[in-house]
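Novice: Got a sequence here, can you build the structure:
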Amino acid sequence: MATSDLPDLFPGFALRRIETADGIEIALRTGGSGPPLLLLHGYPQTHVMWHKVAPQLARHATLVIPDLRGYGASSAPMGDEAHATYSKRAMAEDCIILMRELGFPRFTVAGHDRGGRVAYRLALDHHEAVGALIPIDIIPTAEVWRRISAVSAVRGYHWQFLAQPFPLPETLIGKDPVYYLEHTLKSWAAPRDLTPFSVEALAHYRALVQDPARVHAFCEDYRAGAGIDRELDEADLAAGRRIACPTLVVHGSYLPTGPAGTPLDIWRGWCTDVSAAVVTSGHFLAEENPADTAAALIPFLQAGAGRS
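Specialist: Take a look at the predicted model:
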């Protein structure tokens, strides 16, 4: 299915394409009014994951909602041997370029899942541009790899599976991509079914996994996570670099706590000014519980309206 044939879930929002680097084009939506808020999606999704919360957030901010490189309608280049093409540093550079092109040299960024990893890399690499950070339902990549146990390795098998060398995961997913997508969505949603996702959004997600170039892209995304992204995180920790901007960690209520602490406890090791909000949901907060997700974000946005 061509991208142009997919449902429009953002009526009234402008649709743009901005070239960033090496001929890569980023497709994005813009709408709303107020200080700029960059919204970054996760895996296995596209920008449409924000469609249920965008109307509420647009009353408080000018929203910039792109497809990350390799996802949705953005360019999907082949990966490289070092997987740097899909590193979160490269994706963060895309974001800096598109925000400057839009006239927003300083902004708040919220990112879910993989988008959260791009978001905190933005805050580390481009602290002058990021006024505030909202990572949603993640802990830093280095922390994920450090904390892998028998239980987490089974529950989060995709970290290891998608990072396998080309073309193993691409080939296996390609045998039945819609089954793979729906299994993933069901497994991570609180009701363990597809009810949190609109029919229109599912059309976008199914199109994503049926495009071999984009399956390759998200495998490269995870290969980068196992290599260059983890290495950059470890280098920042070793150098004592911390995220200085105000940070709101938002996560689903399903996340367990234990001897390692809560997500907030973990993020305190990375940030100098951090708080947390918990939303009753599984992994897909913005689609499972959009009202409470917006309610968690809006006070933080209002408090920091002068930061951008």
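
Novice: And P191, how far from F284?
Specialist: To F284, P191 is 10 Å away according to CB to CB, to the nearest Å. For glycine as for every other residue, the C-beta is placed from the backbone atoms N, C-alpha and C.

Novice: With Q164 instead?
Specialist: 25 Å.

Novice: Could you do A129 as well?
Specialist: Where F284 is concerned, A129 sits at a distance of 28 Å (CB to CB).

Novice: Please apply the same query to A303.
Specialist: From A303 over to F284 the distance is 26 Å, taken as CB to CB.

Novice: which of these two has more neighbours?
Specialist: More crowded of A303 and F284, by other CB atoms under 10 Å: F284, with 23 against 12.

Novice: could you point out which element follows the helix or strand bottoming out on mean pLDDT in the chain?
Specialist: Least confident helix or strand of the chain, by mean pLDDT, DSSP states H and E, is helix 150-155 with a mean of 92. The element immediately downstream of helix 150-155 (helix or strand, assigned by DSSP states H and E) is helix 158-162.

Novice: So what touches that next one?
Specialist: With contacts defined as CB atoms under 8 Å, 6 or more residues apart in numbering, helix 158-162 is touched by 144-145, 148, 153, 169, 184, 218-219, 221-223, 225-226.

Novice: at 6 Å instead, please
Specialist: 169, 219, 222 (CB atoms under 6 Å, 6 or more residues apart in numbering).

Novice: ok, and the most crowded of these?
Specialist: Of the contacts of helix 158-162, with other CB under 10 Å as the count, C219 tops at 25 neighbours.

Novice: you'd agree M49 is in a helix?
Specialist: Yes: if the criterion is DSSP: H, G, I helix; E, B strand; the rest coil, then M49 is within a helix.

Novice: dump the residue contacts of it.
Specialist: 41, 286.

Novice: can you do 8 Å?
Specialist: Contacts of M49 by CB under 8 Å, 6+ apart are 41-42, 112, 201, 284, 286-287.

Novice: how about the helices in this protein?
Specialist: For the chain, the helices defined by DSSP state H cover 54-57, 88-101, 114-125, 141-146, 150-155, 158-162, 168-175, 177-188, 199-209, 212-226, 228-239, 263-267, 285-288, 290-303.

Novice: wait, L98 sits on I26?
Specialist: Yes: L98 is within contact range of I26, at 5.4 Å (criterion: CB atoms under 8 Å).

Novice: Now the common contact residues for the two.
Specialist: By CB under 8 Å, 6+ apart, the residues touching both L98 and I26 are 18, 20, 66.

Novice: Highest neighbour count among those residues?
Specialist: Of the shared contacts of L98 and I26, with other CB under 10 Å as the count, P66 tops at 30 neighbours.

Novice: isn't it right up against A27?
Specialist: Yes: using CB under 8 Å, P66 is in contact with A27, at 6.7 Å.

Novice: what is in contact with these two at once?
Specialist: 47, 74.

Novice: For the residue nearest the centre of the chain, give me the pLDDT.
Specialist: Nearest to the geometric centre of the chain sits G115, at 1.7 Å (CA atoms, centre = their mean). G115 carries a pLDDT value of 98.

Novice: Please apply the same query to E19.
Specialist: E19 is given a pLDDT of 97.

Novice: begin at 4 from here
Specialist: Sure thing, new numbering starts at 4, so read that last one as E22.

Novice: and it, how far is that from F16?
Specialist: 20 Å.

Novice: for E104, same thing?
Specialist: 17 Å.

Novice: ok, now G177?
Specialist: In this view, G177 and F16 are 32 Å apart by CB to CB.

Novice: try E28
Specialist: Distance from E28 to F16, by CB to CB: 18 Å.

Novice: Quick one: residues contacting P47.
Specialist: Contacts of P47 (CB under 8 Å, 6+ apart): 184, 187-188, 208, 211-212, 221.

Novice: And W148, by the same measure?
Specialist: W148 neighbours (CB under 8 Å, 6+ apart): 162, 229, 233.

Novice: repeat that for 6 Å
Specialist: W148 touches R233, counting by CB under 6 Å, 6+ apart.

Novice: who wins for neighbours among the contacts of P47?
Specialist: That'd be L211 among the contacts of P47, by other CB under 10 Å, with 27 neighbours.

Novice: And it, what's its pLDDT?
Specialist: 97.

Novice: ok, for it, nearest residue in space, not its chain neighbours?
Specialist: Using CB to CB, 6 or more residues apart in numbering and skipping residues adjacent in sequence, the residue nearest L211 is R217, 5.3 Å away.
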